[in-house]
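1. Sharing a model prediction with you, sequence too.
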Amino acid sequence: GAGVSQTPSNKVTEKGKYVELRCDPISGHTALYWYRQSLGQGPEFLIYFQGTGAADDSGLPNDRFFAVRPEGSVSTLKIQRTERGDSAVYLCASSPGGGGYTEAFFGQGTRLTVV
Amino acid sequence: AQSVTQPDIHITVSEGASLELRCNYSYGATPYLFWYVQSPGQGLQLLLKYFSGDTLVQGIKGFEAEFKRSQSSFNLRKPSVHWSDAAEYFCAVMERQAGTALIFGKGTTLSVSS
């Protein structure tokens, strides 16, 4: 597709449930980022992939959060035992990667609501 | 600790008036600097960026920003605001090495009055 695609656009889940959020990056982009944006806040970094590997997962808040990118394209953010505090918009971005700076393009996000 | 501060949570400007949104950063070395805009229902869009060289950078939609090293600031400006500029604006920084993530400020909401 032309841009970064995130599905679903909205997700409502009950406290304690497991959720998966999907990110389909721009074709050919090797770098992929996940961010979380809580109400009234700026996006907060969660994890960065270069290819299939997580190059930096220092932003994941705890071990309930996990992300994969098995084939170096689509990525899935997984949240176990969801809590009401996990409610936020989860943003994905991709960039061409490689050496030096390359511009990151953002998807429209998945709004997660934990009730 | 590294941080990005946007002191103004909400600003209202009359259509046609000038705009300045403030951004200060605290970093060990001068990072890459960015401004993003987020409109309702839209993804984050890059307005402009500063890496080096001329400290006044031009971006899309008529925006510009000035880097001031002595003040650790990167303020966003527009000479004449349009109603369509109403949105959330985020200042962001990135370390000067490959593969690092953007660190965002908390954002400034811009409202435009007629």
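-> It's in.
2. From B:A29, how far off is the residue nearest to B:Y27 when sequence neighbours are not counted?
-> Leaving out its chain neighbours, the residue that sits closest to B:Y27 by Cβ to Cβ, 6 or more residues apart in numbering or on different chains is B:Q2, at 5.2 Å. Where you see a C-beta, it was placed from the backbone N, CA and C, and this is true even at glycine. With the distance defined as Cβ to Cβ, to the nearest Å, B:Q2 ends up 10 Å from B:A29.
3. okay, these two: which has more neighbours?
-> Neighbours were tallied for B:Q2 and for B:A29 using other Cβ atoms under 10 Å in any protein chain shown; the higher tally belongs to B:Q2 (11 against 6).
4. I figured the more buried one hits B:I103, correct?
-> Yes. Applying Cβ atoms under 8 Å as the test, B:Q2 and B:I103 come out as touching, 6.5 Å apart.
5. between the two, what contacts are shared?
-> Residues touching both B:Q2 and B:I103 comprise B:V93, with contact defined as Cβ atoms under 8 Å, 6 or more residues apart in numbering or on different chains.
6. what pLDDT does B:G41 get?
-> If you check B:G41, the pLDDT there is 77.
7. try A:G99
-> In this model, A:G99 carries a pLDDT of 68.
8. residue closest to the middle of the chain?
-> Answering for chain A, as no chain was given. Note on chain A: the residue nearest the mean C-alpha position is A:W34, at 3.2 Å, using Cα atoms, centre = their mean.
9. actually chain B
-> Of all residues in chain B, the one closest to the mean position by Cα atoms, centre = their mean is B:W35, 3.4 Å from it.
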